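Colleague: Mind folding the following:
(3 chains)
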Amino acid sequence: MFKRTKFNDTLLNWYQANKRQLPWRETSDPFKIWLSEVMLQQTQVITVIPYFEKFITKYKDLDALANADEEALLKDWEGLGYYNRIRNFHHAVKEVQEKYDSKVPSKPEEFFSLKGVGPYIGGAVQSIAFNNQLAAVDGNVLRVMTRLNRDNRDTTKVSVQKDIKNFIESDMPLEAGDFNQALMELGATICTPRTPKCVVCPVREHCEAFKKGEVMNYPVKKKAKKKAEYYYNVFFILNDKNEVLLFKQEGDLLKGMYELPRFDVDTSLESIEEKYGLSLSQPSDAIGEHKHVFTHKIWFMEGYVVRTTDQHENFISLDKVRDLPMSVAMQKMFKMIDGL
DNA sequence: TATCCGTGGTA
DNA sequence: TTACCAAGGAT
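Modeller: Residues are numbered from 1 along each chain as shown, chains lettered A, B, ... in the order given. Modelled structure (predicted):
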């Protein structure tokens, strides 16, 4: 273990002199700080910035977002991924509106009970917005701490993350929010995964891995599973008014987003006709193909055009399609029929 | 606890 | 190309 007191001071001083100007650092509004942390979950700063600006412009305060329609929020979130984040945030914000008079709870136990608030977001918001003495342990912090301590435990384990959180909180500086952000900032800009800039690291004298020349050995984590591959035919089912058949996605993946009919490649046209109660023309030749990579799976999609003269309540004019929340996978499919 | 959730960037 | 990673949480 390294000497925490001196380390804390050195890191805080480095942070004050080197911190990046980020939009969410220009506000003290707990609602906006919370929103930024939800967006930043598993998402890079550079990606989040334009979405954060759009949201705080469109939703000025907690009530504005609480009163918004879920579909409008999903549309604004479109392209950011992990769509349950905004659905959970919407749910949580409505709970704050009802139970806490639209004021973000400054009591950790109340805040942690809200949907989508886990150890990281809870610690981050409570420390940054209310200066509660809690750690915010993200991937940056895990990397920094395991290098400092030559901690070779598997950081994908929640138990290890929890232990590191406790270690940080055992000697938390008074400026808890700044300290959490300092640890993350160090990880994001100096103590990076592939090419850490140890030569300019303000705390390298405290770093056991640096002293041993083993920085690249940390963090230790279990290898990711290979992605499962799925092969689909995706259908543009068009009626005589040139409207397209579209459905709101159910299940876990992309829940709430709209999608074209998507079937395993060996699905017969007859079973599709039966499912929708439509009489369909023979599919066109494939109009394009697209590979889409998710965290745990890969979709290989091939697009086809099919015609029908039958009625169905899910036909939507192509003009209105762009107003619906749509995953990037489906956006790429729709580019195949531009000009059709 | 292990697995599932999006998307874009990098070496 | 492949694998990894990014201010993680729910189940």
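Colleague: got the contact list for the residue lying closest to A:Arg25 once chain neighbours are set aside?
Modeller: In space, not counting the residues next to it along the chain, A:Arg25 is nearest to A:Lys19; the distance is 7.2 Å by CB to CB, 6 or more residues apart in numbering. All C-beta atoms are positioned from the backbone trio N, CA, C, and that covers glycine. Contact partners of A:Lys19, counting by CB atoms under 8 Å, 6 or more residues apart in numbering, are A:Arg25, A:Gln181, A:Ala182, A:Glu185.
Colleague: can you pull the contacts of the residue lying closest to the third one once chain neighbours are set aside?
Modeller: In other words, A:Ala182. Across the structure, with CB to CB, 6+ apart as the measure, the residue nearest A:Ala182 apart from its sequence neighbours is A:Tyr15 (3.5 Å). When the contact criterion is CB under 8 Å, 6+ apart, the partners of A:Tyr15 are A:Asp178, A:Phe179, A:Gln181, A:Ala182, A:Glu185, A:Leu186.
Colleague: rerun at 7 Å
Modeller: For A:Tyr15, the contacting residues are A:Asp178, A:Gln181, A:Ala182, A:Glu185, taking CB atoms under 7 Å, 6 or more residues apart in numbering as the criterion.
Colleague: wait, isn't A:Trp77 in contact with A:Ile86?
Modeller: Yes: A:Trp77 lies in contact with A:Ile86 (CB atoms under 7 Å); the separation is 4.3 Å.
Colleague: Flag every residue of the stretch 1-150 of chain A that's near DNA strand C.
Modeller: With CB under 7 Å from any atom of the strand as the criterion, the stretch 1-150 of chain A meets DNA strand C at residues A:22, A:24-25, A:36-37, A:40-45, A:82, A:84, A:88, A:115-122, A:124, A:138-140, A:143.
Colleague: can you list the residues of the stretch 151-300 of chain A near DNA strand C?
Modeller: Of all the residues in the stretch 151-300 of chain A, those lying near DNA strand C are A:Gln181, A:Met184, A:Glu185, A:Gly187, A:Ala188, A:Thr192, A:Pro193, A:Lys221, A:Lys223, A:Ala224, A:Lys226, A:Thr295, going by CB under 7 Å from any atom of the strand.
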